[in-house]
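Participant: Test case, fold it:
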Amino acid sequence: MLLQQLLNGVVVGGVYALFAVGFNLVFGVQRLLNLAHGAVFMTGAFVAYYTVRAGGPLILGFVAAAVASGVLAMIIEVVCFRRLRKSGDAEFGAIISSMGAGMVIMTFWQWVSQTQVLRFPFDTVPVVIYRFWGLRVSLLQLMMAAAAIAIVLVMAWFIYRTAFGRQVRAVTDSERASMLVGINPNRIYNLTYFISGALAGAAGVLVGLAFNNINFTMGEPYLMFGFAIIILGGLGSIPGALMASLIFGMVQTLSIAYLPSGLTTAFIFSAMFLILLVRPNGLMGREEAGSLRGRR
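Facilitator: Predicted structure coming up:
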């Protein structure tokens, strides 16, 4: 039973990682919190749902959700953050403007869905159960884990092993200095937001499939959890966000299995508080431990 719950927690943590890494990526580059990230996550689930209901295959819905969410995140960057960033003191303004953008997006999907809870067709993912070593794993769980691992690995390679990643780190260090060597910061910010939004949209599809429950408020709890995860992992640290996501997923799954339902959230955040007492900067909060600025 314990191993089964740990396995479930790893799968859940992988989905959290997609959401939290994108959330943390923007903070690592711009030092701004995008509170519309939950709405972008929710948009991915809606786009995939309507693509599948229109007769498209699930893989098309998944790709469409990632692209649409990425484009939406780019629009948010241009509308909500670009002018504020040029002012030099954008932190508070970014919180307010991104919160407003999130409310606009939620209102749009509320109107489109007529406040109904939407569900993927029953046969979207075949119900297949595999058993090994006494563990029970569904085809959907395997798909979720494989998708999360593949996307995170590709994203990590893109950030830390390509010319784009070097340009991201240059802009993170100094926007002005990066311009002197021929880097266009606006292009870097656009691509960064696209990646962040695409990760959120992919996570939204996986969550929508896992719970078969899509509604216009589904992004809000994940925004709260994502914020907790990036604090636990260390603000700006992508490896920290990955580690914290897995811990968060396993703790959540175990607490749901072994604690009364009303205590789950309280236990999770109490555990996070205790960890932060020992590690105030998060698990990998130091720059040299994994932030974008600390990787060369």
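Participant: Any idea how far apart the tips of stretch 115-124 sit?
Facilitator: End-to-end distance for stretch 115-124: 22 Å, by CA to CA, to the nearest Å.
Participant: Mean confidence (pLDDT) on it, please.
Facilitator: The average pLDDT within stretch 115-124 is 87.
Participant: Buried residues, that stretch. List them.
Facilitator: L118, F120, T124 (16 or more other CB atoms under 10 Å). In short, each C-beta sits where N, CA and C put it, glycine included.
Participant: Quick one: residues contacting the last one.
Facilitator: Under the criterion of CB atoms under 8 Å, 6 or more residues apart in numbering, the neighbours of T124 are V52, L58, L209.
Participant: give me that answer again for 10 Å
Facilitator: A48, Y49, V52, R53, P57, L58, G61, L140, G208, L209, N212 (CB atoms under 10 Å, 6 or more residues apart in numbering).
Participant: Closest one of those residues to Y222?
Facilitator: Closest approach between these and Y222, by CB to CB: G208, at 11.5 Å.
Participant: That closest one against A48, yeah?
Facilitator: Yes: using CB atoms under 10 Å, G208 is in contact with A48, at 6.5 Å.
Participant: and stretch 268-278, how far from the chain's centre?
Facilitator: Counting by CA atoms, centre = their mean, to the nearest Å, stretch 268-278 is centred 21 Å from the centre of its parent chain.
Participant: In a helix, P126, correct?
Facilitator: No: using DSSP: H, G, I helix; E, B strand; the rest coil, the assignment for P126 is coil, not a helix.
Participant: Is it correct that it is in contact with L142?
Facilitator: No: P126 is not in contact with L142 according to CB under 10 Å; the separation is 11.6 Å.
Participant: Between the two, point out the one with more neighbours.
Facilitator: The residue with more neighbours, out of P126 and L142, is L142; 13 against 9, by other CB atoms under 10 Å.
Participant: quick one: pLDDT of that one?
Facilitator: 85.
Participant: what mean pLDDT does stretch 155-162 have?
Facilitator: 81.
Participant: Run through who's touching that stretch.
Facilitator: Stretch 155-162 is touched from outside by 17-18, 21-22, 25, 28-29, 164-166, 168-169, 191-192, 195-196, 198-199, 238-239, 242, 290, 292, 295-296, with contacts defined as CB under 10 Å, 6+ apart.
Participant: For stretch 52-62, list the C-alpha coordinates in CSV.
Facilitator: Extracted C-alpha coordinates of stretch 52-62, given in CSV (Å, rounded to 0.1, in the frame of the first residue of the first chain):
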residue,chain,number,x,y,z
VAL,A,52,-11.0,16.1,-28.7
ARG,A,53,-14.7,16.8,-28.7
ALA,A,54,-14.4,18.1,-32.3
GLY,A,55,-13.1,14.7,-33.3
GLY,A,56,-9.4,15.3,-33.1
PRO,A,57,-7.0,12.7,-31.6
LEU,A,58,-5.7,13.3,-28.1
ILE,A,59,-2.2,13.9,-29.3
LEU,A,60,-3.5,16.8,-31.4
GLY,A,61,-5.4,18.1,-28.4
PHE,A,62,-2.2,17.9,-26.3
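Participant: So what's the gap between it and the chain middle?
Facilitator: Stretch 52-62 has its C-alpha centroid displaced from the chain centroid by 21 Å (CA atoms, centre = their mean).
Participant: contacts for that stretch?
Facilitator: Residues from elsewhere that reach stretch 52-62 (CB under 10 Å, 6+ apart): 44-45, 47-51, 63-64, 118-121, 124-125, 143, 147, 201-202, 205-206, 208-209.
Participant: Which positions within the one helix or strand I151 maps to qualify as buried?
Facilitator: Element membership for I151 (DSSP states H and E) is helix 139-160. Neighbour-count burial for helix 139-160 flags L140, Q141, M143, M144, A145, A147, A148, I151, V152, M155, I159, Y160 (criterion: 16+ other CB under 10 Å).
Participant: Looking at the buried residues of stretch 115-124, spot the one nearest M224.
Facilitator: Checking the buried residues of stretch 115-124 against M224 by CB to CB gives L118 as the nearest, at 22.1 Å.
Participant: where does the closest one sit relative to V78, distance-wise?
Facilitator: 29 Å (CB to CB, to the nearest Å).
Participant: picking up where we left off before, following element in sequence after the helix holding I151, please.
Facilitator: Heading C-terminal from helix 139-160 (DSSP H and E), you reach helix 163-173.
Participant: got the CA coordinates for the helix or strand just after that next one in CSV?
Facilitator: With elements assigned by DSSP H and E, the helix or strand that comes after helix 163-173 is helix 175-180. The C-alpha coordinates for helix 175-180 follow below in CSV (Å, rounded to 0.1, in the frame of the first residue of the first chain):
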residue,chain,number,x,y,z
GLU,A,175,19.5,43.1,-19.8
ARG,A,176,21.6,46.1,-20.9
ALA,A,177,24.8,44.1,-21.2
SER,A,178,23.0,41.4,-23.2
MET,A,179,21.9,44.1,-25.7
LEU,A,180,25.5,45.2,-26.1
